[in-house]
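K.L.:
just coords:
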Ligand SMILES: NCCC[C@H](NC(=O)CCC(=O)O)C(=O)O
């Protein structure tokens, strides 16, 4: 069997990045609602993170942003007429809809899809299921373009399957890889899959969060496991602790992260956590190492404010692991003490790297939210669309493209500006050519 390594696909932040408080239950999104954003800095911070990961020796790729404002959705909602007039009318009559249809939320591509590598699937193909993101309106409009983009990149159907998103209904609400962790002795070995959901509609007894929504259902996780043709004996399904959701843990990747043989999570992440971890250990075997962080070491509130668990845990070519943390973590004494413990103990983590992704963090997206992990063999990597693979030269070109097209400040009032729509389309048109993706955007398809 050929070697598998992890490719991190990072979302490029779109030109309309702004703070609109669209994600009830996501503390940072609520706290920064209405403040001024800097789309240019946001996109450059993302590119700098990719450069740093690539320099570590991690395979890196990009996913393009979506067309925003999404005029096609606004027209479906009854707004009509010439584009400039339409924007003015939405801004006057339904500003919240204009915000939602202008969100750059596709940058958080841990929510783009769930992925299973060919080593784990019954038909030895790589499976991807785009998430329907049903729970939040501004995110539920992402899946059609996400599916089109993934199909353009993973077009070789002998090696890849890009499924349809699950039915767009509350019963099958799916938030993608942010609620999924694959663990394996190493990337090439066959893995076990931890699927975390927020609610199980089939279990009336299960406790529910009281304050904030549980965005993802067990039925969705089970459907994805079936679609991906995974071995049921190697899948573990676990409910997120409702108290964690109520404290702002809207996705599991805010409270746990895993890579290869290591799972790092907070002791209050899951309901019935002891039983779940025993089940996981049993499904995995003795290679799996679980590091639990106690509430005495770090409260859930501090986990949410620092975003420690939203770090990327990656394996360097020398086999050592690096924790890629948001800069904000360095400001918390509790987090620093905990990091010292993790580095001192016997586990594969040997280094820390801090990255600045403040613009994304202020909307509740840390380093891990910004990437979709796709474990691929060398042959699979050679078969996907090569234009999206990160190289320092591509990074340079993308940096120049951002500087040419992006504004350095944006407020909600700017979203109705027809010039912003034109700037965004010009930027995306050039980007799709730069990445060699062909016509993927609605404005290019008409
Ligand atoms: N995985 C991280 C996702 C963060 C994302 N935030 C947002 O959409 C906030 C957008 C805003 O409020 O403007 C979300 O909650 O789904």
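P.N.:
Sure, I can see it. Just so it is clear, the structure is predicted and the values come from calculations on it, not from any experiment.
K.L.:
which residues of this protein lie near the ligand?
P.N.:
19-23, 26, 29, 103, 105, 108, 110-111, 136, 139, 178, 250-251, 363-365, 369 (CB under 6 Å from any ligand atom). Using the backbone N, CA and C atoms, a C-beta is placed for each residue, glycine as well.
K.L.:
can you tell me which of these are buried?
P.N.:
By neighbour count, with 16 or more other CB atoms under 10 Å, the residues of the chain next to the ligand hold 19-23, 26, 29, 103, 105, 108, 110-111, 136, 139, 178, 250-251, 363-365, 369 as buried.
K.L.:
returning to what we had before: restricted to strands, list the residues of the chain next to the ligand.
P.N.:
Using DSSP state E, no member of the residues of the chain next to the ligand sits in strands.
K.L.:
next step: the residues you listed restricted to helices.
P.N.:
Counting by DSSP state H, the part of the residues of the chain next to the ligand found in helices is 29, 139.
K.L.:
contacts only, for the residue in the stretch 201-350 of the chain that the ligand sits nearest to.
P.N.:
Nearest residue of the stretch 201-350 of the chain to the ligand: residue 251, at 5.3 Å (CB to the nearest ligand atom). Contacts for residue 251 were tallied using CB atoms under 8 Å, 6 or more residues apart in numbering; they are 110, 111, 175, 178, 179, 215, 216, 369.
K.L.:
mind doing that once more with 6 Å?
P.N.:
Residues near residue 251 by CB atoms under 6 Å, 6 or more residues apart in numbering: 175, 178, 179.
K.L.:
got it, and residue 359?
P.N.:
So residue 359 contacts 41, 42, 45 (CB under 6 Å, 6+ apart).
K.L.:
the helix or strand it falls within: how far from the chain's middle?
P.N.:
For residue 359, the host element (DSSP states H and E) is helix 358-361. Chain-centre distance of helix 358-361: 14 Å, with CA atoms, centre = their mean, to the nearest Å.
K.L.:
about what we covered before: so which of the contacts of residue 251 is the closest to the ligand?
P.N.:
The nearest member of the contacts of residue 251 to the ligand, counting by CB to the nearest ligand atom, is residue 178 at 5.0 Å.
K.L.:
quick check: chain neighbours aside, which residue is closest to the closest one?
P.N.:
residue 251 (3.8 Å; CB to CB, 6 or more residues apart in numbering).
K.L.:
which parts of the worst-scoring helix or strand of the chain on mean pLDDT are buried?
P.N.:
Lowest on mean pLDDT, DSSP states H and E among the helices and strands of the chain sits helix 442-445, with a mean of 89. Residues of helix 442-445 classed as buried under the neighbour-count rule (16+ other CB under 10 Å) are residue 442.
K.L.:
also stretch 253-267?
P.N.:
253-267.
K.L.:
could you do stretch 301-310 as well?
P.N.:
302, 303, 304, 305, 306, 307, 308, 309, 310.
K.L.:
which residues touch that stretch?
P.N.:
The contact list for stretch 301-310 (CB under 6 Å, 6+ apart) reads 27, 248, 253-257, 266, 326, 328-329, 332, 334-335, 366, 368.
K.L.:
so which of the residues you listed are in helices?
P.N.:
Using DSSP H, 27, 334, 335 are the members of the contacts of stretch 301-310 that sit in helices.
K.L.:
dump those residues to JSON lines, plus neighbour count.
P.N.:
JSON lines is the format used below for the ones in helices among the contacts of stretch 301-310 (neighbours: other CB atoms under 10 Å):
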{"residue": "27", "neighbour count": "18"}
{"residue": "334", "neighbour count": "17"}
{"residue": "335", "neighbour count": "22"}
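K.L.:
helix, strand or coil: sort out the nearest residue to residue 139 once chain neighbours are set aside for me.
P.N.:
With sequence-adjacent residues excluded and distances taken as CB to CB, 6+ apart, residue 139 is closest to residue 133, at 3.7 Å. What DSSP: H, G, I helix; E, B strand; the rest coil gives for residue 133 is coil.
K.L.:
can you name the residue of the stretch 251-400 of the chain nearest the ligand?
P.N.:
Relative to the ligand, the nearest point of the stretch 251-400 of the chain is residue 369 (3.3 Å; CB to the nearest ligand atom).
K.L.:
in space, what's closest to that residue - neighbours in sequence excluded?
P.N.:
Spatially, and ignoring its direct neighbours in sequence, residue 369 is nearest to residue 108 (4.2 Å; CB to CB, 6+ apart).
K.L.:
got it, and residue 284?
P.N.:
Distances taken as CB to CB, 6+ apart place residue 192 nearest to residue 284, at 4.7 Å, with adjacent residues excluded.
K.L.:
which residues sit in contact with the one you found?
P.N.:
Residues near residue 192 by CB under 6 Å, 6+ apart: 183, 234, 283, 284.
K.L.:
give me the distance between the residue minimising distance to the centre of the chain and residue 208.
P.N.:
Compute the mean C-alpha point of the chain, and by CA atoms, centre = their mean the closest residue is residue 110, 1.7 Å away. Per CB to CB, to the nearest Å, residue 110 is found 24 Å from residue 208.
K.L.:
by contact count, what packs against the host helix or strand of residue 353?
P.N.:
Following DSSP H and E, the helix or strand that holds residue 353 is strand 349-355. On a contact count with 3 or more CB pairs under 6 Å, 6 or more residues apart in numbering; DSSP states H and E, strand 349-355 meets strand 321-326.
K.L.:
how about residues contacting the strand it packs on?
P.N.:
Residues outside strand 321-326 that contact it (CB under 6 Å, 6+ apart): 307, 311-316, 348-349, 351-355, 361, 366-367.
K.L.:
report the angle between that strand and strand 349-355.
P.N.:
For strand 321-326 against strand 349-355, the angle by axes from the mean of the first three to the mean of the last three CA atoms, to 10 degrees is 20 degrees.
K.L.:
residue numbering should commence at 614 henceforth.
P.N.:
Sure thing, new numbering starts at 614, so read that last one as strand 934-939.
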